[in-house]
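> could you look at this predicted model? Sequence included:
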Amino acid sequence: MELFLHQVLAGLATGGIYACMALAIVMIYQAIDGLNFAQGEMAMFSTFIAWQLIEWGVPFWGAFFLTLAISFAGGYMIERVIMRPLHNAPILSHVAMFIALFAILNSGAGFIWDYQVKNFPTPFGTKSVIGEGLLSAHDAGMIGATIVMLLFLFLFFRYTRIGLAMRAAAANPESARLVGIRVGQMLALGWGMAALIGAIAGMLIAPVVFLEPNMMSSILLYGFAGAVVGGLTSPAGAVIGGLMVGVIENLAGTFIPVIGRELKLSIALALIILVLTVKPSGLFGRTVVHRV
Amino acid sequence: MSTMLLQAKNICAYYGPTQVLHGLDLSITEGGITTLLGANGAGKTTMLRSVCGMVRTTGEVRFRDQEIAGKATEDIVRLGIAHVPEGRGTFVRLTVEENLQLGAITRGNKAEIATDVERVFGYFPRLRERYRQQAGTLSGGEQQMLAIGRAMMLRPTLMLLDEPSFGLAPLIVQEVFSILKQMNRREKMSIFLVEQNAALALDLADQAYLLETGRVVMAGAAREIREDENIRRAYLGY
């Protein structure tokens, strides 16, 4: 029982990170109908920036928030400079650009900071906070930070005018223009926020998976799984999907002997396939009908 | 009365390589209701979209003293031109409240916005009952009312309406049109109305333009066009 509880809690902690990635993916997906494959690499790059700042002597939380600001600006610029010229281009051009971004950020990070695995500090410590080894302080911190961020996002989108404008721009760009919303700017804001959310995920998970240019590839896969499970059209679904993937992955890895640690990642892929065959719109998504 | 609010000169519009409007001239009087009539595919909707910069257009469009051709849609809207598009363009997944708030998204004064929401309720009391409901759950007539209400929230000088009668029961259409008339009078808001229902539009409007395959074939006072049997037979089919 103790083991079970431990695995569930640890699953929720990493699930929170997957939820962040899933949310970032869904935000972009809703705005431009494309899956941003580079979301993970953007998060990784942000985490390296934080690491660099800490190396230069900036205290952790200073580096944390500075990184958030830089990531937001970076995401905003990526939309304005790189994605905007492709606005009316076919979806394949978007995909090619996402892959290019992926490759550039990945090798760029390797070039600047090399491929050696680095330690990333945790601000929460590693002591147990509940019971003996049931939940570590860092896991608790991840859960807490995820909750705070989700709450903040919810309030932002639900109660602020700019949040409303962003939702409108994503839901119906043409109508949004007709009420005077600058849709392009909203898109760029969305990219900035997605980059910021990814940066939070990266900095929280880095103490667990260690910092190196490929650290986010499996995390992004879990994030995709979470987004697909919850439904690509539902931000709340993406969060729940991410948490579910975290818990399922942990439980299956512990209690199904064949899977163990080695096959954990396959669970994410199996989940994607399962959901896409059984309920393609995901648990909370709605079926999207395109008029031809 | 007869100062021009909007003047369009030599408008040509294109969808890809296809030219839809062929050198249209048209003007909208301040404070009046101008209607644009014509059969399916004559280019009525395209003309409205040209005014708002939503289609590739050449020619001049002057709004008051400003050239607006070539400007971005959102900038044109911010000048006080509200557009109720074909198919209403409501945000179906958002609530009625959010739809109305979006109509005023470019304005800052919260107290004024609250007054304007009340003003919209004055015209469309049914929206008050539906305030917290998702717009997609409203009936067609209510959605049209919401679309017009949302456009009102901009406090526009000019409202462009694209077939507000489309898909609505005749009684509802009567109601919507009489409210449009009231708005025009009380809010000093000029209206540019595109309609297939010519009889209805000519009753409401002061000025009318008749469009055929992207060209103006007739222009004049709505009353005269309504009373000219030859025109009615030839172009309006009633």
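Happy to help now that I have it. Computed from a prediction, not measured in an experiment: that's the story for all the values here.

> top helix in the chain by residue count?
Let's take chain A. Longest helix of chain A, by residue count under DSSP state H: helix A:2-32.

> wrong chain, I was asking about chain B
With secondary structure taken from DSSP H, chain B has its longest helix at helix B:170-186.

> go through it and flag the buried ones.
Neighbour counts over helix B:170-186 (16 or more other C-beta atoms under 10 Å in any protein chain shown) mark B:172-173, B:175-177, B:179-180, B:183-184 as buried. To be clear about C-beta, it is placed using only N, CA and C from the backbone, and glycine gets the same treatment.

> circling back: what residues sit buried inside the longest helix of chain A?
A:6-32.

> next secondary structure element downstream of the longest helix of chain B?
Heading C-terminal from helix B:170-186, the first helix or strand you meet, by DSSP states H and E, is strand B:190-195.

> that following strand pairs with which strands, and in what direction?
Strand B:190-195 sits in its sheet next to strand B:33-38 (parallel), strand B:158-162 (parallel), going by DSSP bridges.

> pLDDT on that strand, on average?
Averaged across strand B:190-195, the pLDDT comes to 94.

> just stretch B:115-128 next, same as before
94.

> what does that stretch rub up against?
Applying C-beta atoms under 8 Å, 6 or more residues apart in numbering or on different chains, the contact partners of stretch B:115-128 are B:96, B:100, B:104, B:142, B:145-146, B:148-149, B:152-153, B:155, B:179, B:182-183.

> what about stretch A:78-92, start to end distance?
Using C-alpha to C-alpha, to the nearest Å, the end-to-end distance of stretch A:78-92 comes to 18 Å.

> could you confirm whether that stretch reaches chain B?
No: under the criterion of C-beta under 8 Å from any C-beta of the partner chain, chain B is not reached by stretch A:78-92; the shortest gap measures 12.1 Å.

> work out the gap between that stretch and the centre of the chain.
Centroid separation for stretch A:78-92 versus its chain: 21 Å, with C-alpha atoms, centre = their mean, to the nearest Å.

> got the residue ranges for the strands in the stretch 51-200 of chain A?
Ranges of strands in the stretch 51-200 of chain A, per DSSP state E, counting those that start in this stretch, are A:128-130, A:135-136.

> out of those strands, nearest to A:Phe98?
strand A:135-136 (34.5 Å; C-beta to C-beta).

> once you drop chain neighbours, what's closest to residue 133?
No chain specified, so I'll use chain A. With sequence-adjacent residues excluded and distances taken as C-beta to C-beta, 6 or more residues apart in numbering or on different chains, A:Gly133 is closest to A:His6, at 6.9 Å.

> oops, chain B please
B:Gln133's closest residue in space is B:Val96 (C-beta to C-beta, 6+ apart), at 5.8 Å.

> same check on B:Lys181?
Nearest one to B:Lys181, counting by C-beta to C-beta, 6+ apart, is B:Leu204 at 6.0 Å.

> and the one you found, what does it touch?
B:33, B:35, B:177, B:180-181, B:193, B:222.

> centre of the chain to the helix-or-strand element of chain B with minimal mean pLDDT, how far?
Lowest by mean pLDDT, DSSP states H and E among the helices and strands of chain B is helix B:229-231, with a mean of 80. Between the centre of helix B:229-231 and the centre of its host chain there is 26 Å, according to C-alpha atoms, centre = their mean.

> before we move on, back to that, turn the buried residues of helix B:170-186 into a markdown table, including distance to chain A and pLDDT.
Formatted as a markdown table, the buried residues of helix B:170-186 follow (distance: C-beta to the nearest C-beta, whole Å; pLDDT from 0 to 100):
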| residue | distance to chain A | pLDDT |
| --- | --- | --- |
| B:Ile172 | 22 | 92 |
| B:Val173 | 22 | 93 |
| B:Glu175 | 23 | 92 |
| B:Val176 | 19 | 93 |
| B:Phe177 | 21 | 94 |
| B:Ile179 | 20 | 94 |
| B:Leu180 | 18 | 95 |
| B:Met183 | 18 | 94 |
| B:Asn184 | 20 | 94 |
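
> that concludes my questions; thank you for your assistance.
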